[in-house]
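K.L.:
Sequence plus the predicted model coming up.
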Amino acid sequence: MFNNNKSNDLALHNSLSLTSSSSFNKFSNNLSNDTFSSQSYSSSNGYGLVNASSAVASAIGQQPFADVPDIGGNAWDADMVKAPEAWAKGYTGKGVVVAVLDTGVDINHVDLKDNIWTNPNDDTADGYAGDIHGWNFVDNNSDVMDRAGHGTHVSGTIAGEKNDYGVTGIAYDAKIMPVKVLDDTGSGSYDSITKGIYYAVDHGANVINLSLGGGGTNKTMEDALNYASGKGVIVVMAAGNDGGASPIYPARYAQNTGVAVGAVDKDGNLADFSNRAGSKQLTYVTAPGVSIYSTVPNNNYENYSGTSMAAPHVAGVVALMLSANRSLSDSQVRQILADTSKNSEQSDSTIPSFNFGDIFSGFNPFSSSIESTNYASRYNYTSGLSTENNITFDANSKHTASNNTSTIYTYDNSSNSNALKSFDSSNISNYSTNYSSMAATTNPQDPENIFERYGKIFLAPYEQYLRLLPKN
């Protein structure tokens with residue numbers, strides 16, 4: 001995880017000429033009509049595993065498509081989200097542009113080069129002269145090449161070409177719009193990300209993938225997300241890799257716009273590192289995010305893990321939906337995903353599920369906010385997530401390519417080096433000790449609400465029963 005330069009965030013208010021947030025009020029009215037089912041929502045995994053077969057079919061008013069044989073091998077993740085079922089019906093993302101706001105993209109990669117977006121109107125007057133294949137908001141130029149690997153990996157999952165080698169993306173006929181908002185170490189700012197969102201929307205993106213996050217709430221970024229929603233652009237956001245009780249920002253904005261994505265492993269289990277959905281109902285779904293095989297620079301391939309790897313699966317599914325029905329709004333896409341993901345499909349009973357993991361996962365009553373719990377010490381992250389003027393990214397958090405998937409590696413930023421730190425998830429006692437120590441030495445920032453927070457957490461699974469009680 002990485003922190004950006006704090007001054008970049010402070011300059012945000014002076015460097016952008018943004019439309020007043022009041023102009024976006026008309027868009028929020030559309031979102032208030034969402035009728036998501038609370039019955040199928042879990043505070044752990046939201047609406048559950050995304051299902052391309054059901055989602056794409058629902059987008060055109062049909063029943064889920066018939067199953068097709070699994071591809072297997074490195075394409076197990078595509079099988080898991082049932083992308084081949086949509087492909088078999090001819091929905092492959094063709095005509096859809098997905099903007100990848102990240103560390104850049106290797107536009108020359110053999111598995112991506114034919115699916116890189118080309119600007120049909122390079123207007124020098126718009127301030128982006130030479131933006132043939134996107135824009136670099138870190139260096140303010142047209143160099144969108146990825147030297148870190150993260151953005152290229154994300155892009156391969158979305159739209160790797162179907163060419164019988166390498167990797168086949170979930171929406172393998174979609175176009176990738178590279179928008180570099182993170183530098184080569186994975187650092188970035190609200191300023192560059194917000195500019196990137198506006199650029200993507202104004203240059204024809206239909207979907208935006210944000211495999212990044214951290215910091216705190218930011219009105220300027222929220223306005224940009226609302227702007228995207230109002231223009232019919234769906235923003236897909238990684239939930240974060242802290243194992244916390246709720247997503248980090250901007251994924252937490254999925255309460256009103258866009259989609260938050262958590263990570264599951266090959267068996268469909270929520271990854272230990274994945275931030276949970278939280279008790280406040282968001283459009284949160286899950287997708288494969290452990291040991292995902294995809295493209296990296298210089299025509300190479302690697303396995304990465306993280307919610308950064310889960311988000312592009314959902315961005316790909318959304319691209320499939322839009323290739324089937326281009327008229328879908330952000331609100332409609334969110335509704336369909338809520339209705340067709342795994343928890344909704346299996347919700348035949350009126351009795352809500354109860355999971356003690358939902359209660360305790362990442363919960364820290366000593367945090368100033370139940371939803372901004374920082375469980376960074378559990379994963380040896382060296383930077384916090386709760387400071388409003390800092391923003392951190394999971395750009396370099398990944399598992400190794402080995403079979404030991406219980407070991408998570410993260411870059412150690414404390415020494416300004418690329419040294420790797422690791423921990424074994426089976427060694428729980430160390431992390432329990434760390435957490436107990438933290439709780440014992442942390443002063444409650446809001447002590448009068450601690451009991452209220454505990455009450456909400458414990459009563460969350462029973463919320464639907466409580467609604468049935470007579471009101472005075």
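P.N.:
Thanks, I have the structure now.
K.L.:
Residue 244 - that's part of a strand, no?
P.N.:
No: using DSSP: H, G, I helix; E, B strand; the rest coil, the secondary structure at residue 244 is coil, not a strand.
K.L.:
I figured it was touching residue 276, is that so?
P.N.:
Yes: counting by CB atoms under 8 Å, residue 244 touches residue 276, with 6.8 Å between them. Placement of C-beta: from N, CA and C, glycine included.
K.L.:
then the helix or strand hosting residue 192 to CSV, C-alphas only?
P.N.:
Counting by DSSP states H and E, the element that carries residue 192 is helix 190-202. Output of helix 190-202 as CSV, limited to C-alpha atoms (Å, rounded to 0.1, in the frame of the first residue of the first chain):
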residue,chain,number,x,y,z
TYR,A,190,-7.4,12.4,-5.7
ASP,A,191,-6.5,15.1,-8.1
SER,A,192,-5.2,12.8,-10.8
ILE,A,193,-7.9,10.2,-10.3
THR,A,194,-10.7,12.8,-10.4
LYS,A,195,-9.3,14.3,-13.6
GLY,A,196,-9.0,10.8,-15.0
ILE,A,197,-12.7,10.1,-14.4
TYR,A,198,-13.8,13.3,-16.2
TYR,A,199,-11.4,12.5,-19.1
ALA,A,200,-12.7,9.0,-19.5
VAL,A,201,-16.4,10.0,-19.4
ASP,A,202,-15.8,12.9,-21.8
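K.L.:
Grab the nearest non-local neighbour of residue 175.
P.N.:
In this structure, residue 175 finds its nearest non-sequential neighbour in residue 117, 4.3 Å apart by CB to CB, 6 or more residues apart in numbering.
K.L.:
One more: residue 283?
P.N.:
Of all residues beyond its chain neighbours, the one nearest residue 283 is residue 334 (4.3 Å), with distances taken as CB to CB, 6+ apart.
K.L.:
for residue 293, same thing?
P.N.:
Using CB to CB, 6+ apart and skipping the chain neighbours, the partner closest in space to residue 293 is residue 74 (4.1 Å).
K.L.:
And the pLDDT at that neighbour?
P.N.:
With respect to pLDDT, residue 74 scores 96.
K.L.:
Pretty sure it sits in a helix.
P.N.:
Yes: in this structure, residue 74 lies within a helix as judged by three-state DSSP.
K.L.:
Which residues are in contact with residue 174?
P.N.:
By CB atoms under 8 Å, 6 or more residues apart in numbering, the contact set of residue 174 is 92, 93, 94, 96, 97, 98, 115, 158, 159, 316, 319, 323.
K.L.:
got the phi/psi numbers for it?
P.N.:
Taking degrees, to the nearest 10, you get phi -80, psi 160 for the backbone angles of residue 174.
K.L.:
Please apply the same query to the one 3 residues further on.
P.N.:
Taking degrees, to the nearest 10, you get phi -100, psi 110 for the backbone angles of residue 177.
K.L.:
Then residue 176?
P.N.:
According to degrees, to the nearest 10, residue 176 has phi -100, psi 120.
K.L.:
surely it meets residue 158?
P.N.:
Yes: under the criterion of CB under 8 Å, residue 176 makes contact with residue 158 at 6.5 Å.
K.L.:
can you list the weak-confidence ranges in the stretch 251-400 of the chain?
P.N.:
345-400 (pLDDT under 70).
K.L.:
any chance you could map the strands in it?
P.N.:
For the stretch 251-400 of the chain, the strands defined by DSSP state E, counting those that start in this stretch cover 259-264, 284-288, 292-296, 300-304, 392-393, 398-399.
K.L.:
Now do residue 146 against residue 283, distance only.
P.N.:
Distance from residue 146 to residue 283, counting by CB to CB, to the nearest Å: 28 Å.
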